[in-house]
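K.L.:
quick one: sequence plus predicted model below, questions after.
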Amino acid sequence: MIDHALALVSWESERSVDELKQALREGENCAHSSFRFALARVVAQEVGRLVREVYVYGSPLENRARMNSDIDLLVVVSGARRFAARCLDELDRGLVDEYKALIAPLGDSMNRLLDYHFVTRSDIRQRRGYAAILNDPYALRPERIYGPAVNAA
């Protein structure tokens, strides 16, 4: 998954994968933001069959991600929350190991890469909990990276 995300960023930025790896090791915020956004898209595609929608928010969208930044995901579910959580946790463990190897020895203290929160359509309608960020006029709006509008294209 890490390699897939690196390839996506390389293609979109016209930088080689080796240049991106070096930029990540050097702590370049733009590289970390682009990489985390691409990795969020790869993760969303992987868990898409289990959830309704996935949004990314926070530092990757604001170009302020750093080497130790996590990836903030808002995951819209209709049920099967526990199974989706197990899948995301398993993915996260593998991603952390791959990421640590990528930026070694700089990322040794990182324990999680994915910070996900589950919400329902009802939560979104009622602006409850984390769902409130979808309609927060004072924050950068989260970007849907998986769901009907994204996958239809």
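P.N.:
Structure's in. What do you need?
K.L.:
when you work out contacts or count neighbours from here on, use the C-alpha atoms and nothing else.
P.N.:
Fine.
K.L.:
could you check the pLDDT of the spatially most central residue of the chain?
P.N.:
In the chain, the centroid-proximal residue (Cα atoms, centre = their mean) is Ala40; its distance is 2.8 Å. Ala40 is assigned 96 on the pLDDT scale.
K.L.:
before we move on, which element is the residue nearest to Met1 when sequence neighbours are not counted in?
P.N.:
Distance criterion Cα to Cα, 6 or more residues apart in numbering; nearest residue to Met1, sequence neighbours excluded, is Val42 at 6.7 Å. Element membership for Val42, per DSSP states H and E: helix 29-47.
K.L.:
likewise Glu62?
P.N.:
Going by DSSP H and E, Glu62 is not part of any helix or strand.
K.L.:
residue contacts, Arg112?
P.N.:
Residues counted as contacts of Arg112 (Cα atoms under 8 Å, 6 or more residues apart in numbering) are Asp70, Asp92, Arg93, Val96.
K.L.:
confirm for me that the first one is in contact with Leu114.
P.N.:
Yes: counting by Cα atoms under 8 Å, Leu114 is a contact partner of Asp70 at 5.7 Å.
K.L.:
who has more neighbours out of the two?
P.N.:
Leu114 (22 against 19; other Cα atoms under 10 Å).
K.L.:
mind listing the helices for the chain?
P.N.:
Ranges of helices within the chain are 2-13, 17-25, 29-47, 81-103, 121-126, 148-151, based on DSSP state H.
K.L.:
which strands or helices does the third one pack on?
P.N.:
Think helix 29-47. helix 2-13, helix 17-25, strand 53-57, strand 71-76, helix 81-103, strand 143-146 (3 or more Cα pairs under 8 Å, 6 or more residues apart in numbering; DSSP states H and E).
K.L.:
buried residues in stretch 53-68?
P.N.:
53-61, 64-68 (16 or more other Cα atoms under 10 Å).
K.L.:
pull the most distant pair out of those.
P.N.:
Spatially, the most separated pair among the buried residues of stretch 53-68 is Glu53 and Met67, at 26.6 Å (Cα to Cα).
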